[in-house]
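J.: Sharing a sequence plus its predicted fold:
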Amino acid sequence: MKLRFRLPAVGLAASLLLTTAAQALNPSQALTLLNWYYLDPLPDQVFEQTDMNGIIQALGDPYTEYFTAEEYAAFHASLSDSELVGAGVSIQLADDGLLVTRVIPGSAAEAGGLLAGDVITAIDGQSCMKISLEQASALLGGEVGTSFQLTYLRDGQAHTVTLTRCAFVVPTAYTELWEDHIGYVACDAFGPETAGHVQEGLETYGSQADHWIMDLRNNGGGEVTAALNTISYFAGPNDQLVYMRASDGSINAQGSQSAQITDEPLIVLTNFYSASASELFASAIRDTGSGLLVGDRTYGKGVAQILLDSTLFPAFFSEGDALKMTAYRFFGPAGTSNDTIGVMPHLLLDPSLADEAAVLLSSPEPQGDTSGTARIDLNGAWYIDLEQACSAPYRAAFTALLEALPDGVLLRTGTGDGWEATTAADLAAACGLSGYHHRGFSDTAQSPYADEIGLLATYGVVLGAGDGTYRPAEALTRGQLCTLLAQALNCKVPTGESAFTDVSMDDWYGPSVNALASMGLVNGVGGGRFAPNDPVSHEQFITILSRLGRKLDLDLIQTWQNRPEAASAEYQNYSSWSWESVWLLAQDEDGLLWAAPSEIDPAGVTTREEAAALTCTLLCKLNLLPSLI
């Protein structure tokens, strides 16, 4: 099973368009609303604009948009069930044609008897081999009432049927039963109907499913309420599933009292295009310990928007237009933001293999004899049928799964009447997985921070020197620090010229330096320079990590607001600009710093292993990485 081609939601592209047509909201009114509600301080250029397009462009926020009445309607349509015309099948490319992965209820395909697993070989006599999905979609679509012939294979036998195109509804979420015991929920958006669709699926298959898979790949978000209600179906009622922080620093907790429908194990699939409300869902499942996240790191849209229209401001929006505006930064139940950094899955692997990996992890717990079964303890207990895992259809997914396992995870194999510890490498060898490669480095075993470096390597936070080594004892330069943190944060690559005269955007560290500078995490050294090859002192590094923590964590934000006015004796050796940051990270009872502040030389050079240690400790503390060390 590969990532499925899903029928497009009508209007999704239209919601991203700006227009130069006549607009009801004038610039003066827009500035008033932005001053009242916008999350961050407004750039000076915004006040110089004379039309709405100029204001939106000067704001530089891709999530704040002005909608004409037509665009506003299209935006709502993009979050709702969509009505399309055509055959009514979801397809993916196959060697001999188009594999039908789903037949839409109420469609022409259903009326014609097509089933998931059929392979379409021709449409009106045109071969479906080596055509694109776009070409196939165009052939299957058309006007209501028009007919066409469709030829397909089922169990090796060819069949031809005449289908009459009709309108059908594509829901924002639908449910299937896989392998007679796995409930699979595909969720493309969180809209008005989504929670109802998920509830219906859970209730329909609840008596048959012993595991659930929630597929949020390519889910760009939607309504907060829909996401919160859906979370509760798996995690139970909770009033604190998300925290919204406004521009004035006020924090509003939100949740859902919807009843829990299932307590069976849950696996959530994510990829880079899982954003906004789907990230809210993923972080809530992670933080409440309600499931396992599998796939790729999510997009990193940790801000929420409000919709302002005639309902709230009839005098401002007289033409049915609206303004979608970024007004909140949201934080998961653990108090951590996914803004920029995204939500890191427990098992970081190619999202195109996530289906098969999830199926492997959904094997039932053995009753009695444990032979032929592996067990993984990571945010719950997960069992793998080793015969299935080593079979040809699942070998690639099993390899990716084993590579994604952090070293600190307890992995065991069945002995018949119990379990014995094993390693991913041993399982790969036993299964003959020649493509298996451990994600660690060859030169870190003797480092006091080997575990931290290894965990960061597993999750792709550090990439090493490019030759399989990390060089832990080497001094960290300012350019290297920026590349490390840009990788940790999953920073978007900035465009335009460099902000520093001694850093080019063509330098290997150039995009990272400028990305972190634009986020306010690093500063230059004066005179327009950054000095990328200079070493990073301990107090510089701790200060930068403190800034990062204050961007990501509510507890650190609130603790910072209560910092002392003067440095105590313990911080007298630190520079005036750094001691508060050192104080902040030293407050954690578990110890975020690698030593007591008085034992750290403020001017000492930070090594690559020290940088990894503090970065790893901070990310684990914030629940952005699993705490396995």
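T.: Received, thanks.
J.: Quick check: buried residues in stretch 530-547?
T.: 530-532, 535-547 (16 or more other Cβ atoms under 10 Å). All C-beta atoms are positioned from the backbone trio N, CA, C, and that covers glycine.
J.: er, stretch 117-128 actually
T.: In stretch 117-128, the ones that count as buried by 16+ other Cβ under 10 Å are D118, V119, I120, T121, A122, I123, C128.
J.: Same check on stretch 392-407?
T.: Buried residues in stretch 392-407, counted by 16+ other Cβ under 10 Å: 394-407.
J.: pLDDT added to the residues you listed, as CSV?
T.: Rendered in CSV, the data for these read as follows (pLDDT from 0 to 100):
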residue, pLDDT
Y394, 98
R395, 98
A396, 97
A397, 98
F398, 98
T399, 98
A400, 98
L401, 98
L402, 98
E403, 98
A404, 98
L405, 97
P406, 95
D407, 94
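J.: ok, these vs L59, which is closest?
T.: For the buried residues of stretch 392-407, the residue nearest L59 by Cβ to Cβ is A404; the value is 38.7 Å.
J.: The closest one against T458, yeah?
T.: Yes - the pair formed by A404 and T458 meets the contact definition of Cβ atoms under 8 Å, at 7.1 Å.
J.: Okay, domains of the protein per the record?
T.: Structural domains assigned to the chain are 82-170, 363-431, 536-606, following automatic domain parsing.
J.: List the residues that contact Q540.
T.: By Cβ atoms under 8 Å, 6 or more residues apart in numbering, Q540 lies in contact with S578, T606.
J.: for L456, that is, sorry about that
T.: By Cβ under 8 Å, 6+ apart, the neighbours of L456 are V462, A488, A612, T615, C616, L625.
J.: Keep only those of those that are in helices.
T.: A488, A612, T615, C616 (DSSP state H).
J.: per-residue pLDDT, the spatially closest residue to the second one that is not a sequence neighbour?
T.: Spelled out, that is A612. Excluding the flanking residues, the one nearest A612 by Cβ to Cβ, 6 or more residues apart in numbering is I453, at 4.6 Å. On pLDDT, I453 comes in at 96.
J.: Work out for me the element I453 sits within.
T.: Assigned by DSSP states H and E, I453 belongs to helix 450-458.
J.: For the stretch 351-500 of the chain, just list every one of the strands.
T.: 373-377, 381-385, 410-414, 419-421 (DSSP state E, counting those that start in this stretch).
J.: T146 is nearest to which of those strands?
T.: strand 381-385 (46.9 Å).
J.: Okay, E474 and Q157: tell me how far apart.
T.: Going from E474 to Q157 by Cβ to Cβ, to the nearest Å gives 65 Å.
J.: no wait, S391
T.: 26 Å.
J.: more neighbours, the two?
T.: S391 (12 against 7; other Cβ atoms under 10 Å).
J.: Could you report the pLDDT at the more buried one?
T.: 97.
J.: low-scoring stretches of this structure, by residue?
T.: Residues of the chain that meet the criterion pLDDT under 70 lie in 1-23, 629.
J.: Next, the contact list for the most centrally placed residue in it, please.
T.: Centroid-nearest residue in the chain: T298, 1.7 Å away (criterion: Cα atoms, centre = their mean). Applying Cβ under 8 Å, 6+ apart to T298 gives the contacts T270, N271, F272, S274, A275, S278, E279, A282, N338, G342, V343.
J.: which of these are buried?
T.: Neighbour counting by 16+ other Cβ under 10 Å classes T270, N271, F272, S274, A275, S278, E279, A282, N338, G342, V343 among the contacts of T298 as buried.
J.: Could you measure from the second one over to T172?
T.: In this view, N271 and T172 are 17 Å apart by Cβ to Cβ.
J.: The fifth one too?
T.: Going from A275 to T172 by Cβ to Cβ gives 15 Å.
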